[in-house]
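>>> dropping a prediction and its sequence here:
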2 protein chains.
Amino acid sequence: MPLNLSERMTELVAQRFRLLGEPMRLRILQLLEQGPKPVNDIVASLESSQPNVSKHLQALCQGGLVSRRREGLNIFYGIADPMVFKLCNLVCRSATEHTRAQLAELDAAPSGTERKRAKHSG
Amino acid sequence: MPLNLSERMTELVAQRFRLLGEPMRLRILQLLEQGPKPVNDIVASLESSQPNVSKHLQALCQGGLVSRRREGLNIFYGIADPMVFKLCNLVCRSATEHTRAQLAELDAAPSGTERKRAKHSG
DNA sequence: GACAAACATAACTATATAGTTATATAGTGA
DNA sequence: TCACTATATAACTATATAGTTATGTTTGTC
C-alpha cells in the first residue's frame, strides 16, 4: 500500500525525522535507553554543556520521544516511545548496507574506465 | 539489546534521518513509490523549481535512497531502498499517537483554564 | 557543425538551529 | 528570609541548508 501522506502529515513526519537527525539527540536517546536519568547525569556522560542538553531534551520532550518527571531537585528524563530504537536499527542497517555498496562500487571500478562526468571528489 | 552505536555510526544514522527530515524530499519519495520518473515529471507533480528538485534528488541519490538511470535525454530516478516507506509508516503512526496524546492531555487540563477541546466519546 | 531538450551546478539569499554565555526559575534546607 | 542545587531560558554567534536565478553540461536531431 502506498504511503500517500497528507500535506500536514508529511510535515509532521519530516519534523519527527529531523528530531532524530542530530547526533547529540541520538546520543541522548541511547543513554536514556539504559533507563531514566537526571539532566546532570546526561551532561556528564556526553560532555556537553548543560544548556545544550536541556535544549535538546526540550525538543525531544515536545516531540513526544522522551518524558519528564520531577523527583526533588532532579528532573528525570526517560524514553517515551521505544519505537525510536526500532527506527535507529533499521536506519543503521540501511546505512551500513549503503556504505558497503559504495565500497563495492569503488572496488569494481577498473583504473582504465573513467567516468565521463568529473565529480568533484577530492 | 541496546543500540550502542559508535560515534561514526551515530553520525551516519543522524545524516540519514536528516535526509528524511524534509517535506519536499518525502514528497519526492512518495511520488517515486509509484515507479521511476524523470526529473521533469517530478517537477511538474510537485510544483517546485527544477533546480530545487534536482538538488534534492542529488541528496537522496548520494544517501542511497534513490537510484538514477539515463534513458535518452531523460534521467529516471527510482526508489533504491524501499525501507524508507517502512520508516515513514512507523513514524507516521508514532506521530499520530503523539498528537492524540497531546489532545487527551489538553482534555485533562486540571486548573481553571478553559482550554477544553473536543473530548472523545467515553 | 548549430540548436534544443533535460538535467546539473554555481552563486546567492534567507531561515533554521546547534552551541555558547549569562541569567532566570524552581525546589530544598538553613 | 538567604543560600545552594538542578534545570530552564534568553540572547547571541556560527553554520547548514532550502529555495532562487543564472549558467553549464550532456544527449539527441537536424
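Structure's in. What do you need? Numbers count the residues shown, from 1 in each chain, chains lettered A, B, ... in the order given.
>>> so in that sheet, which strands flank whatever helix or strand residue A:68 lives in, and in what orientation?
Residue A:68 belongs to strand A:66-71 when assigned by DSSP states H and E. Applying DSSP bridges, strand A:66-71 is found paired with strand A:74-79 (antiparallel).
>>> average pLDDT across the partner strand?
Strand A:74-79 shows an average pLDDT of 98 in the prediction.
>>> are that strand and DNA strand D in contact anywhere?
Yes. Strand A:74-79 reaches DNA strand D (Cβ under 7 Å from any atom of the strand) through A:74, A:75. In this view, the C-beta of every residue, glycine as well, is placed from N, C-alpha and C.
>>> next, the buried residues of the strand holding residue A:68.
residue A:66 (16 or more other Cβ atoms under 10 Å in any protein chain shown).
>>> extract the CA atoms of that strand and return them as CSV.
Output in CSV follows, covering the C-alpha atoms of strand A:66-71 (Å, rounded to 0.1, in the frame of the first residue of the first chain):
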residue,chain,number,x,y,z
VAL,A,66,11.1,11.4,25.9
SER,A,67,9.1,12.1,29.0
ARG,A,68,10.0,14.1,32.1
ARG,A,69,9.2,13.5,35.8
ARG,A,70,10.3,15.6,38.7
GLU,A,71,11.9,14.0,41.8
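>>> just want the most central residue of chain A.
residue A:20 (3.4 Å; Cα atoms, centre = their mean).
>>> sec struct for the closest residue to it other than its chain neighbours, please.
In this structure, residue A:20 finds its nearest non-sequential neighbour in residue B:17, 4.1 Å apart by Cβ to Cβ, 6 or more residues apart in numbering or on different chains. Using DSSP: H, G, I helix; E, B strand; the rest coil, the structure places residue B:17 in helix.
>>> relative to residue A:55, how far out is residue B:17?
18 Å (Cβ to Cβ, to the nearest Å).
>>> swap in residue A:37?
Residue A:37 sits 16 Å away from residue A:55, going by Cβ to Cβ.
>>> swap in residue A:21?
For residue A:21 relative to residue A:55 (Cβ to Cβ), the value is 15 Å.
>>> looking at these two, which one has more neighbours?
residue A:21 (20 against 12; other Cβ atoms under 10 Å in any protein chain shown).
>>> check which helix or strand residue A:31 maps to.
Per DSSP H and E: helix A:23-32 holds residue A:31.
>>> so what's the residue count around the residue nearest to residue A:20?
25.
>>> what pLDDT does it get?
Predicted confidence (pLDDT) for residue B:17: 98.
>>> go on, residue A:61?
On the pLDDT scale, residue A:61 gets 97.
>>> check contacts around it.
A:67, A:68, A:77, A:80 (Cβ atoms under 8 Å, 6 or more residues apart in numbering or on different chains).
>>> change it to 6 Å
Taking Cβ atoms under 6 Å, 6 or more residues apart in numbering or on different chains as the criterion, residue A:61 is in contact with residue A:68.
>>> state the distance from it to residue A:16.
Taken as Cβ to Cβ, the span from residue A:61 to residue A:16 is 13 Å.
>>> for residue A:53, same thing?
Residue A:53 is 20 Å from residue A:16, by Cβ to Cβ.
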